[in-house]
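Asks: Give me coordinates for this.
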Amino acid sequence: MMRGSQLERLSAGVDALLKGNRFYQARLHPVRTWDDFERLPLTTKDEITADQEASPPFGTNLTFPIERYSRMHQTSGTSGTTPLRWLDTTESWDWWVRIWADHIYRSAGVQSDDRVFFAFSFGPFIGFWSAFSGAECLGALVIPGGAMTTEQRLRTMLELRATVPAGPGRTGGGHRPGRQ
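Replies: You can find the predicted model right below:
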């Protein structure tokens with residue numbers, strides 16, 4: 001039953017790509033069976049980067065008209081000549097937020113009465129924004145700590161009684177003081 005539902009959703013997603021996404025139209029084929037799925041090619045970061053360089057600023061990997069997108073994120077660009085950019089619709093962004101709230105934070109034991117301290121500045125990297133929005137969605141108090149010195153961050157965490165430190169390498173929770 002579940003595999004049938006999964007195949008149905010996968011098929012609908014591939015059909016949407018084949019209908020409106022120029023990047024994937026030449027790469028994909030309809031998926032009606034699991035054998036069809038297994039024959040789908042992998043897409044590499046190099047292919048997406050080359051597409052964006054050939055058709056700036058977002059490439060041809062857009063399934064919807066540009067007006068449908070509500071958020072833009074990008075990589076740091078440290079592994080290539082230009083950053084890799086991607087867009088999210090309201091629906092796709094909600095998916096990111098739900099993953100953080102319902103799976104990552106809840107798995108780490110973070111609750112709505114927690115105070116989550118984010119010890120980094122917000123650039124266009126999706127991981128930080130989705131972690132922040134996920135904590136908001138969960139109902140936790142989110143505390144931004146970017147552009148602070150280490151001393152300022154520690155003082156702020158103590159003054160505001162932060163219960164969850166979040167930062168590069170720990171963006172999903174971590175030790176929650178007083179909640180063993």
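Asks: mind listing what A140 touches?
Replies: Counting by CB atoms under 8 Å, 6 or more residues apart in numbering, A140 makes contact with 105, 110-116, 164. The C-beta positions use only the backbone N, C-alpha and C, and glycine is treated the same way.
Asks: actually R153, not the one I wrote
Replies: Taking CB under 8 Å, 6+ apart, we find R153 in contact with 117, 119, 145.
Asks: How many residues are close by the second one?
Replies: Same thing as A119. By the criterion of other CB atoms under 10 Å, A119 has 21 neighbours.
Asks: From L158, how far out is V116?
Replies: Distance, V116 to L158, using CB to CB, to the nearest Å: 15 Å.
Asks: who's more crowded, the two?
Replies: V116 (26 against 10).
Asks: Is the more buried one part of a helix or strand, or is it coil?
Replies: strand (DSSP: H, G, I helix; E, B strand; the rest coil).
Asks: Thought A135 was touching it, still the case?
Replies: Yes. Counting by CB atoms under 8 Å, V116 touches A135, with 4.4 Å between them.
Asks: and for these two, which residues touch both?
Replies: Taking CB under 8 Å, 6+ apart as the criterion, V116 and A135 both touch 110, 142, 164, 166.
Asks: In terms of distance to Q52, which of those residues ranks first?
Replies: A166 (29.7 Å; CB to CB).
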